[in-house]
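> all I have is the shape, not the residue letters:
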């Protein structure tokens, strides 16, 4: 009887992990697609979307993802967030590795879907929205800025996860607003990915690794 209960518990845990992994893959797909699509649409419209529109698209999308999927997997949708959670022991290593794989796969599918959605004349000038250093921005400056902005985003995510008294719906708004603000600051300088998966998917689909 004890063995049966252990097997049942193991099966339930496996299903729960599978649901979480799918959630992370889908969430990262949506975030990457919308973030990079905003950049491609800006290219298509001749700059009518602008940095404010791109920042809003990313911030609002992340807010929606966190609000809708946060109760399922935590809605990390970002290997940097998962790594932060792993370092503070908020997630076990095996789950973290599964999240990493799902996030990278979701972002890659998003990149391929973007290439199928936009014409090459639209996406090639912006490399499918893959992050790129702005004119005159040195590599060291770009790396430092990405590090600081990513640190801010991960810090906010972990703090919101720890703030159990805050209403759940507030989490998405705060985290999305943080990403939007970071894109406003760093977008013209580095592309402001703040997310290794978000950077990886479009870069691989576009074959663009210059600033990776």
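Everything's here; your move. Fair warning: this is a prediction, and the values are worked out from it, not measured in the lab. Numbers count the residues shown, from 1 in each chain.

> going by C-alpha atoms from here, please, whenever you check contacts or count neighbours.
OK.

> for residue 37, give its distance to residue 170.
Taking Cα to Cα, to the nearest Å as the measure, residue 37 falls 26 Å from residue 170.

> more neighbours, these two?
Remark: of residue 37 and residue 170, residue 37 carries more neighbours, 25 against 14, as counted by other Cα atoms under 10 Å.

> now do the same contact list for the more buried one.
Residue 37 makes contacts with 114, 128, 129, as judged by Cα atoms under 8 Å, 6 or more residues apart in numbering.

> tell me the SS of the first one?
In other words, residue 114. Three-state call for residue 114 (DSSP: H, G, I helix; E, B strand; the rest coil): helix.

> re the thing from before, any quick ChimeraX command for the buried ones out of the contacts of residue 37?
The following ChimeraX line selects those of the contacts of residue 37 that are buried, judged by 16 or more other Cα atoms under 10 Å:
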select :114,128,129
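
> how far does the worst-scoring helix or strand of the chain on mean pLDDT sit from the chain's center?
Lowest by mean pLDDT, DSSP states H and E among the helices and strands of the chain is helix 2-44, with a mean of 82. In terms of Cα atoms, centre = their mean, to the nearest Å, the centre of helix 2-44 is found 12 Å from the chain centre.

> next: stretch 37-53.
Centroid separation for stretch 37-53 versus its chain: 19 Å, with Cα atoms, centre = their mean.

> please apply the same query to stretch 170-180.
13 Å.

> so what's the residue count around residue 81?
24.

> ok, the nearest residue to residue 131 once chain neighbours are set aside - contacts?
Nearest residue to residue 131 in three dimensions, chain neighbours excluded: residue 191, at 4.3 Å (Cα to Cα, 6 or more residues apart in numbering). Contact analysis of residue 191 by Cα under 8 Å, 6+ apart lists 130, 131, 132, 133, 134, 183.

> per-residue pLDDT, residue 191?
What the model reports for residue 191 is a pLDDT of 92.

> residue 156 versus that one, what's the distance?
In this view, residue 191 and residue 156 are 20 Å apart by Cα to Cα.

> kindly report the same for residue 86.
15 Å.

> ditto for residue 66
To residue 156, residue 66 is 13 Å away according to Cα to Cα.

> likewise for residue 41?
Residue 41 is 29 Å from residue 156, by Cα to Cα.

> cool, and residue 173?
11 Å.

> do residue 58 as well
Taking Cα to Cα, one finds residue 58 at 16 Å from residue 156.

> these two: which is more packed in?
Neighbours per residue, other Cα under 10 Å: of residue 58 and residue 156, the larger number sits with residue 58, 26 against 18.
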